[in-house]
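[1] show me the folded form of this:
(one chain, ligands or ions: 1)
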Amino acid sequence: MVAGTETTTSLVECVMAEIMQRRRNVMERVQEELAQIVGPNNIVEESHLSKLKYLDATIKETTRLHPVVPLLVPRSPSKTCTNPSEFNPERFLGHEGMDKYDFKENNLKYFPFGAGIRLCPGVPLAEKTQMYILASLLHSFDWNLPKGDQEHDFSDKFCVTLRKRKPLVAIPSQKVA
Ligand code: HEM
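    This next block holds a predicted model:
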């Protein structure tokens, strides 16, 4: 249950938290991509998912900052780097050479699903499920925090899976075409 469902729900919550308040421009760009690929009078289907490159980059950037399974062997960077905590999906679109990163290789620079012999066997299912859920949520609705809750606590709580310290409350409204 933890491996198969909590990981995906936690990831979806982290993406929505990042893009709802602090990164509205990212949400708008994901929605523009969805309007282009899926179209306004359609619903998201499996055939659309591989074409949603910016949503994919947004998910990857979220797992970079919020590792959904945080309790792997501790590691630290070999070099100092600048602005690593900035949320920037562009990293995975070629600007910092991270566009080649996917979850399937033994890449020890970016491995939210682990690597090598213990690589998460749920990668294909998780990738499709998280894309499908987020694409569907963002294709038809705009999302906001509850009125008066502009100071949402974005911090994380470490358990077997990463959870938000304060669960996210997200209010949908019909998207104006
Ligand atoms: C966002 C989604 C997910 C993330 C980030 C994730 C991440 C991980 C990580 C980091 C590991 C540990 C790798 C290691 O020990 O080095 C792992 C293991 C595992 N995951 Fe996932 N996972 C996700 C979704 C899923 C799903 C959907 C399933 C099953 C349907 C699944 C099944 C498993 C299993 C069975 C293991 C244990 C593998 C082993 O010990 O050999 N995971 N996952």
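[2] I'd say residue 34 and residue 136 touch.
    No. Taking contacts as CB atoms under 8 Å, residue 34 lies outside contact range of residue 136: 9.3 Å. Just so you know, the C-beta spots here come from the backbone N, C-alpha and C atoms, and that holds for glycine as well.
[3] so for these two, which residue has more residues nearby?
    Remark: of residue 34 and residue 136, residue 34 carries more neighbours, 24 against 15, as counted by other CB atoms under 10 Å.
[4] what sits closest to the more buried one if chain neighbours are left out?
    Spatial nearest neighbour of residue 34, excluding adjacent residues (CB to CB, 6 or more residues apart in numbering): residue 139 at 4.5 Å.
[5] for the helix ranked longest in the chain, buried residues please.
    Using DSSP state H to define each element, the chain has its longest helix at helix 123-140. Buried residues in helix 123-140, counted by 16 or more other CB atoms under 10 Å: 126-127, 129-135, 137-140.
[6] let me know the distance separating the residue nearest to residue 34 from residue 88.
    Residue 139 sits 23 Å away from residue 88, going by CB to CB, to the nearest Å.
[7] and the chain, which residues reach the ligand?
    3-4, 7-8, 11, 68-69, 72, 112-114, 118, 120-122, 125-126, 130 (CB under 6 Å from any ligand atom).
[8] sorry, back to before: tell me which of the buried residues of helix 123-140 is nearest to the ligand?
    Nearest to the ligand among those, counting by CB to the nearest ligand atom, is residue 126 at 3.7 Å.
[9] who touches the closest one in this structure?
    7, 8, 11, 113, 120 (CB atoms under 8 Å, 6 or more residues apart in numbering).
[10] common neighbours of residue 34 and residue 136, please.
    Joint contacts of residue 34 and residue 136 (CB under 8 Å, 6+ apart) are residue 44.
[11] please, which helix or strand holds residue 157?
    Taking DSSP states H and E as the definition, residue 157 sits inside strand 156-158.
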